[in-house]
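Peer 1: Sequence below, structure please.
(one chain, ligands or ions: 2)
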Amino acid sequence: MIAVDSYELNDGNSLPAVGFGTVSLRGDDGVAVMRTALESGYRLLDSAVNYENEEEVGQAVRTSGVPREDVLITTKIPGRHHEYSSAVESVEGSLRRIGSEYLDLCLIHWPNPSVGRYLEAWRALVDLRERGLVRSIGVSNFTAQHLRAVIDDTGVTPAVNQIELHPYFPQAAMREVDAGLGIQTQSWSPLGKNSAPFGERPVSEAAAAHGATPAQVILRWQLQLGALPIPKSSDARRQRENLDVFGFELTDAEVAAISGLARDDGRLFGGDPDVHEEM
Ligand SMILES: NC(=O)C1=CN([C@@H]2O[C@H](COP(=O)(O)OP(=O)(O)OC[C@H]3O[C@@H](n4cnc5c(N)ncnc54)[C@H](OP(=O)(O)O)[C@@H]3O)[C@@H](O)[C@H]2O)C=CC1
Ligand SMILES: O=C(O)C(=O)[C@@H](O)[C@H](O)C(=O)CO
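Peer 2: Ligands and ions are numbered 1, 2, ... in the order given. From the prediction side, this is the model:
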């Protein structure tokens, strides 16, 4: 089994360097895929209320043979539950569906500025952490302005900001904002989902130089940027490949060349958190 590095958060808890994305993994097949991920060595499963697979996450952990306390489970509060009591109920519902007494990490999924109630969801998360129902609290798809608003309102800094981050969209400015505030950046769609830049020259050249696959190079690049990726794969071999990224190091020039693949229109589906809404 592959041993995965871990990173300390601003609340003293830790996150594995590479987690496992679970979007679209549902039903018995979804449970089986998550279980192979746990057998391969993943110790972080990234779910969300909107993925409609929290039962499957709980079942995968319970049937994996890995003790619950050795696995971290992330879920996310959707936009329709930002009102304070609705956010509390959302987390309580997640706990029931997962079948756990606590969440390791809970994020506000999107800021949904048109709803204008993400501050209430954040206050709820602060209180849920006090009650011991959530160990670490964070946000997803937050910009500098959203981060400042929640910190100014509560004095509590999110532990994590999970944002879109891949070679076509390396998020240099947001990484700097997160780092400046002591927030750990986590990368969603770290491989670029269905538009993986595996054939791009900086990626293929680094892969050849290090005897690695293009996916491993991209995930290693993420780590060297200080961002923690959560790749998803339904295939056991690719799951192991994506976890096996601790045996080589990219040069500064290789990191810079991959970052140079950034495009102005690099977002996967136009998910600009200032305007994109997900309920
Ligand atoms: N907070 C947010 O708003 C968001 C969070 N997320 C989270 O991020 C996770 C990861 O993002 P996701 O969108 O799934 O995309 P990824 O960037 O993880 O890419 C997944 C795709 O890449 C393929 N793939 C995986 N590994 C390899 C490999 N080694 N070689 C070749 N192809 C590979 C997979 O195919 P196959 O399965 O066949 O291997 C799948 O088609 C999600 O599952 C979810 O948990 C995602 C979007 C938004
Ligand atoms: O997967 C997630 O966490 C999402 O937020 C997705 O809904 C993502 O935004 C997407 O795939 C939209 O097409």
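Peer 1: Compute the number of surrounding residues for the closest residue to residue 143 other than its chain neighbours.
Peer 2: Nearest residue to residue 143 in three dimensions, chain neighbours excluded: residue 273, at 5.6 Å (CB to CB, 6 or more residues apart in numbering). All C-beta spots, glycine's among them, are computed from the backbone N, C-alpha and C. Neighbours of residue 273 under the rule other CB atoms under 10 Å: 21.
Peer 1: Next: residue 107.
Peer 2: 28.
Peer 1: And residue 95, by the same measure?
Peer 2: Neighbourhood size, residue 95 [other CB under 10 Å]: 21.
Peer 1: Quick check: which helices or strands does the helix or strand hosting it pack against?
Peer 2: According to DSSP states H and E, residue 95 maps onto helix 84-98. Applying 3 or more CB pairs under 8 Å, 6 or more residues apart in numbering; DSSP states H and E, we find helix 84-98 packed against helix 54-64, strand 72-77, strand 103-108, helix 118-130.
Peer 1: same for the last one, what does it pack against?
Peer 2: Counting contacts by 3+ CB pairs under 8 Å, 6+ apart, helix 118-130 is packed against strand 72-77, helix 84-98, strand 103-108, strand 134-140, helix 144-154.
Peer 1: Indicate whether the fourth one makes contact with ligand 1.
Peer 2: To tie it back to what came earlier, the one meant is strand 134-140. Yes: part of strand 134-140 sits near ligand 1 under the criterion CB under 6 Å from any ligand atom, namely residue 140.
Peer 1: just the angle between that strand and strand 72-77, please?
Peer 2: With axes from the mean of the first three to the mean of the last three CA atoms, to 10 degrees applied, the angle from strand 134-140 to strand 72-77 works out at 50 degrees.
Peer 1: Just put the helices and strands packed on helix 118-130 in TSV and tack on mean pLDDT.
Peer 2: Formatted as TSV, the helices and strands packed on helix 118-130 follow (pLDDT from 0 to 100):
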stretch	mean pLDDT
strand 72-77	99
helix 84-98	98
strand 103-108	98
strand 134-140	99
helix 144-154	98
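Peer 1: can you tell which of the helices and strands packed on helix 84-98 is closest to residue 161?
Peer 2: strand 103-108 (8.4 Å; CB to CB).
Peer 1: Which strand or helix spans the closest residue to ligand 2 within the chain?
Peer 2: Nearest to ligand 2, among the residues of the chain, is residue 23, at 4.3 Å (CB to the nearest ligand atom). Taking DSSP H and E as the definition, one finds residue 23 inside no helix or strand.
Peer 1: Grab the nearest non-local neighbour of it.
Peer 2: Among residues not flanking residue 23 along the chain, residue 51 sits closest, at 5.3 Å (CB to CB, 6+ apart).
Peer 1: Show me what counts as buried in the helix or strand where residue 242 lies.
Peer 2: Assigned by DSSP H and E, residue 242 belongs to helix 236-243. Neighbour-count burial for helix 236-243 flags 238-243 (criterion: 16 or more other CB atoms under 10 Å).
Peer 1: How about stretch 50-63?
Peer 2: By neighbour count with 16+ other CB under 10 Å, stretch 50-63 contains the buried residues 50-51, 53-61.
Peer 1: will you turn the residues you listed into a markdown table that also has pLDDT?
Peer 2: Below are the buried residues of stretch 50-63 laid out as a markdown table (pLDDT from 0 to 100):
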| residue | pLDDT |
| --- | --- |
| 50 | 98 |
| 51 | 98 |
| 53 | 98 |
| 54 | 99 |
| 55 | 98 |
| 56 | 99 |
| 57 | 99 |
| 58 | 98 |
| 59 | 98 |
| 60 | 98 |
| 61 | 98 |
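Peer 1: Near ligand 2, list only the ones from these.
Peer 2: Within the buried residues of stretch 50-63, nothing lies near ligand 2 by CB under 6 Å from any ligand atom.
Peer 1: Identify, from those residues, the entry nearest to ligand 1.
Peer 2: Looking across the buried residues of stretch 50-63 and measuring by CB to the nearest ligand atom, the closest to ligand 1 is residue 51, at 7.1 Å.
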